[in-house]
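S.K.: Quick one, structure for this:
(one chain, ligands or ions: 2)
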Amino acid sequence: MDLDAIREYSALHAKPSGLVLQYGTAGFRTKAEHLDHVMFRMGLLAVLRSKQTKSTIGVMVTASHNPEEDNGVKLVDPLGEMLAPSWEEHATCLANAEEHEMLRVLMDISVKAAVNLHQDAFVVIGRDTRPSSEKLSQSVIDGVTVLGGQFHDYGLLTTPQLHYMVYCRNTSGQYGKATIEGYYEKLSKAFMELTKQAFCSGDEYRSLKVDCANGIGALKLREMEHYISQGLSVQLFNDGTKGKLNHLCGADFVKSHQKPPQGMEMKSNERCCSFDGDADRIVYYYLDVDGHFHLIDGDKIATLISSFLKELLLEIGESLNIGVVQTAYANGSSTRYLEEVMKVSVYCTKTGVKHLHHKAQEFDIGVYFEANGHGTVLFSKAAETKIKQLAKELEDKKREAAKMLENVIDLFNQAAGDAISDMLVIEAILILKGLTVQQWDALYTDLPNRQLKVKVADRQVISTTDAERQVVTPPGLQEAINDLVKKYKLSRAFVRPSGTEDIVRVYAEADSQENADSLAHAVSLAVFQLAGGVGETPQPGF
Ligand code: 16G
Ligand code: MG
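M.R.: Numbers count the residues shown, from 1 in each chain. Ligands and ions are numbered 1, 2, ... in the order given. Now for the predicted structure:
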């Protein structure tokens, strides 16, 4: 290791003194101009992690659904999973070390994590379409090379595509080819196979409008279009040729404002969906004949997918257990429908994909979705083996069902939620079951809900338990929420400090929109008063 070279290079990517950042739920995220040193250092860290795991590690440069001026970086572990928690801590220490102590911290990490520095290292890099991403990914490469690591720069990729590449490379191609064509081929083959037995594939099912948030999803869907064109024709909006990334469009905008994105031409009853800025989230929606907007969020996606899987399992006569994992943001109606009508087990975890993912691993088939449209289905190795065996052994309809399950396994990028995978699975299910978007929506009716933000001096004064559904501190806040909730019907409310913004989030649902709004406002006031609100007192009205 050439310490002088590292020191020299690091000075070229110097940390502004005093800047403190945290490796949060989705890596580091802030204004792009503050991230150069973080990128360089994450290049270094990826090399250490690669040496330690003797595997390829991924580095993704993106700030997902956040504004175009922001950027971020996250590391991808060997099986395409999120970085292990102990390494998140290393990442935070390394990113925050002042320039003169950076080398010492780097050495400390390699000692603590028992890294064999003589081991080879390989890092793969991907980035989104932000103007700042190319330069920042170059800083990652500087970090990788100065520490003697080898790398492959995939350039523009969606976040899930980078996860896919990492997974392929660490399973010696068994899972798929670690190229962009390999990704398209794998997914499109499974999609075409899955849908080939559909009776109804009229125009109604064949075309889908996709809002690409002016991001990477547009480029990648365009590349993929001809692979799937026989089964599905996608019409892209907000493809980045005019508008700004995530501005008034994309999955996060549509979900949080509960209205259509700008730049999308919607006719009544047309099936539409939105990706977020790095294409790992998806939500669906449509306008009814009266022009009312209907959102079909991650909860309803989870419901559609798990009911389909349950039917297939019933068909093959195999009692593999399915678990559905949600967060506190899941609409109360979805939880009730899953438990009471579909009779599946539902679990609640803290917000953030890694928590849901972890829980979903406990089942033969774990379906996890956040209400915001981030999710996937995990099949345990045992379940996968069993299904593949049945697809060979069984006969007739049972065999078809097992084969369909096999295709679903191939469609889900097992490592992380992928808007493209999710879209293809959803479209296949709708075609196979002959369901219109309205029929899907009608599975259950969402309870009216409202999300608000409250500014406080220090959001960490709020701590929670029970998967963020109960406040522990500050004292008195939970009691205040309980009293407010009691005043409304079918009501529920919770608050939690955001993991990505310097604010407290408030969620409320109730029997009417007016009541959900009023409850959310009352809870915001309680947070403001009891948790050190700053600035203007929360006002009613939205
Ligand atoms: C991040 C998480 C997402 C979560 C969101 C919550 C990942 C990859 N992404 O975007 O799952 O819903 O944070 O944000 O884990 P919040 O803490 O600001 O509400
Ligand atoms: Mg995202």
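
S.K.: Ala516 touches Arg450, doesn't it?
M.R.: Yes. Judged on CB atoms under 8 Å, Ala516 makes contact with Arg450 at a distance of 4.7 Å. C-beta coordinates here come from the backbone N, C-alpha and C atoms, glycine included.

S.K.: Identify the residues contacting the residue positioned nearest the centre of the chain.
M.R.: Centroid-nearest residue in the chain: His374, 3.8 Å away (criterion: CA atoms, centre = their mean). Residues in contact with His374 (CB atoms under 8 Å, 6 or more residues apart in numbering) are Asp280, Arg281, Gly298, Val353, Gly417.

S.K.: Can I have the buried ones of those as a ChimeraX selection?
M.R.: Those of these that count as buried under 16 or more other CB atoms under 10 Å are selected in ChimeraX with:
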select :280,281,298,353,417
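
S.K.: and this protein, which residues reach ligand 1?
M.R.: 25-26, 64, 351-354, 370, 372, 374, 498-501, 505 (CB under 6 Å from any ligand atom).

S.K.: Selection in ChimeraX covering whichever of the residues you listed are buried, please.
M.R.: Selection of buried members from those for ChimeraX, criterion 16+ other CB under 10 Å:
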select :25,26,64,351,352,353,354,370,372,374,500,505
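
S.K.: From the residues of the chain next to ligand 1, list the ones also adjacent to ligand 2.
M.R.: Among the residues of the chain next to ligand 1, the ones lying near ligand 2 by CB under 5 Å from the ion are Ser64.

S.K.: For ligand 1, give me its nearest residue in the stretch 301-450 of the chain.
M.R.: Val353 (3.6 Å; CB to the nearest ligand atom).

S.K.: about what we covered before: report the set of residues contacting both of Ala516 and Arg450.
M.R.: Counting by CB under 8 Å, 6+ apart, the residues touching both Ala516 and Arg450 are Ala508, Glu509.

S.K.: Excluding sequence neighbours, find me the nearest residue to Leu3.
M.R.: Leu103 (6.4 Å; CB to CB, 6 or more residues apart in numbering).

S.K.: Shouldn't that neighbour be within a strand?
M.R.: No. Counting by DSSP: H, G, I helix; E, B strand; the rest coil, Leu103 is not part of a strand but helix.

S.K.: how many neighbours does it have?
M.R.: Leu103 is flanked by 17 other residues according to other CB atoms under 10 Å.

S.K.: again, but for the one 3 residues further on
M.R.: Using other CB under 10 Å, the number of residues around Leu106 comes to 24.

S.K.: can you tell me how far it sits from ligand 1?
M.R.: Using CB to the nearest ligand atom, to the nearest Å, Leu106 is found at 26 Å from ligand 1.

S.K.: what's the helix or strand for Val115?
M.R.: For Val115, there is no host helix or strand (DSSP states H and E).

S.K.: I misspoke; the intended subject was Ile387.
M.R.: helix 381-393.

S.K.: Next SSE downstream of that helix?
M.R.: Per DSSP H and E, the first helix or strand lying C-terminal to helix 381-393 is helix 396-411.

S.K.: That next one - contacts with which helices or strands?
M.R.: helix 180-195, helix 298-316, helix 381-393, helix 419-433 (3 or more CB pairs under 8 Å, 6 or more residues apart in numbering; DSSP states H and E).

S.K.: just those: most buried one?
M.R.: Greatest average neighbour count among these goes to helix 419-433 (a mean of 24), per mean count of other CB atoms under 10 Å.

S.K.: Tell me where the stretch 1-150 of the chain has strands.
M.R.: Shown for the stretch 1-150 of the chain, the strands assigned by DSSP state E, counting those that start in this stretch span residues 28-31, 56-61, 70-76, 122-127, 150-156.

S.K.: Which single residue in the stretch 51-200 of the chain comes nearest to ligand 2?
M.R.: Per CB to the ion, Ser64 is where the stretch 51-200 of the chain lies closest to ligand 2, at 3.2 Å.

S.K.: circling back: dump the contacts of His374 to CSV, plus pLDDT.
M.R.: Listed next are those as CSV, based on pLDDT from 0 to 100:
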residue, pLDDT
Asp280, 97
Arg281, 98
Gly298, 98
Val353, 92
Gly417, 93
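
S.K.: The strands of the stretch 1-150 of the chain: which one's closest to Gln326?
M.R.: Comparison of the strands of the stretch 1-150 of the chain against Gln326 by CB to CB identifies strand 70-76 as nearest, at 23.0 Å.

S.K.: circling back: let me have the helices and strands packed on helix 396-411 in JSON lines, extended by distance to Pro475.
M.R.: What follows is the helices and strands packed on helix 396-411, written out as JSON lines (distance: least, CB to CB, whole Å):
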{"stretch": "helix 180-195", "distance to Pro475": "51"}
{"stretch": "helix 298-316", "distance to Pro475": "32"}
{"stretch": "helix 381-393", "distance to Pro475": "45"}
{"stretch": "helix 419-433", "distance to Pro475": "41"}
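
S.K.: Indicate which one of the ones you listed is closest to Asn238.
M.R.: Of all the helices and strands packed on helix 396-411, it is helix 419-433 that lies closest to Asn238, at 13.5 Å by CB to CB.

S.K.: got the angle for that closest one vs helix 298-316?
M.R.: 50 degrees (axes from the mean of the first three to the mean of the last three CA atoms, to 10 degrees).

S.K.: and after helix 419-433, which helix or strand comes next?
M.R.: helix 437-441.

S.K.: Could you list every helix and strand in contact with the helix or strand following that next one?
M.R.: For helix 437-441, the following helix or strand on the C-terminal side (DSSP H and E) is strand 449-454. In this structure, strand 449-454 makes packing contacts with strand 504-509, helix 513-530, judged by 3+ CB pairs under 8 Å, 6+ apart.

S.K.: Packing partners of the shortest one?
M.R.: Meaning strand 504-509. Short answer (3+ CB pairs under 8 Å, 6+ apart): strand 504-509 packs on strand 449-454, strand 492-497, helix 513-530.

S.K.: partners of the first one in the sheet?
M.R.: In other words, strand 449-454. According to DSSP bridges, strand 449-454 forms sheet pairs with strand 504-509 (antiparallel).

S.K.: contact partners of the partner strand?
M.R.: Contacts for strand 504-509 (CB under 8 Å, 6+ apart): 328-329, 331-332, 447-456, 459, 462, 490-498, 516-517, 519-520, 523-524, 527, 531.

S.K.: What of stretch 24-39?
M.R.: 10, 13-16, 19, 21-22, 42, 60-61, 63-64, 66, 69-75, 83, 91, 95, 130, 132, 135-137, 139-140, 143, 351-354, 499-500.

S.K.: Compute the first-to-last residue distance for that stretch.
M.R.: 15 Å (CA to CA, to the nearest Å).

S.K.: Could you list the buried residues of that stretch?
M.R.: 24-30, 32, 35-39.

S.K.: Show me which of those residues is closest to Lys433.
M.R.: Closest to Lys433, out of all of these and judged by CB to CB, is Ala26, at 33.4 Å.

S.K.: Distance of Asn515 relative to Lys255?
M.R.: 21 Å (CB to CB, to the nearest Å).

S.K.: ditto for Glu340
M.R.: Distance from Glu340 to Lys255, by CB to CB: 25 Å.

S.K.: More neighbours: which of the two?
M.R.: Per other CB under 10 Å, whichever of Glu340 and Lys255 has more neighbours is Lys255, with 23 against 9.

S.K.: Please name the residues that touch that one.
M.R.: Contacts of Lys255 (CB under 8 Å, 6+ apart): Val283, Leu295, Asp297, Ala371, Asn372, Gly373.
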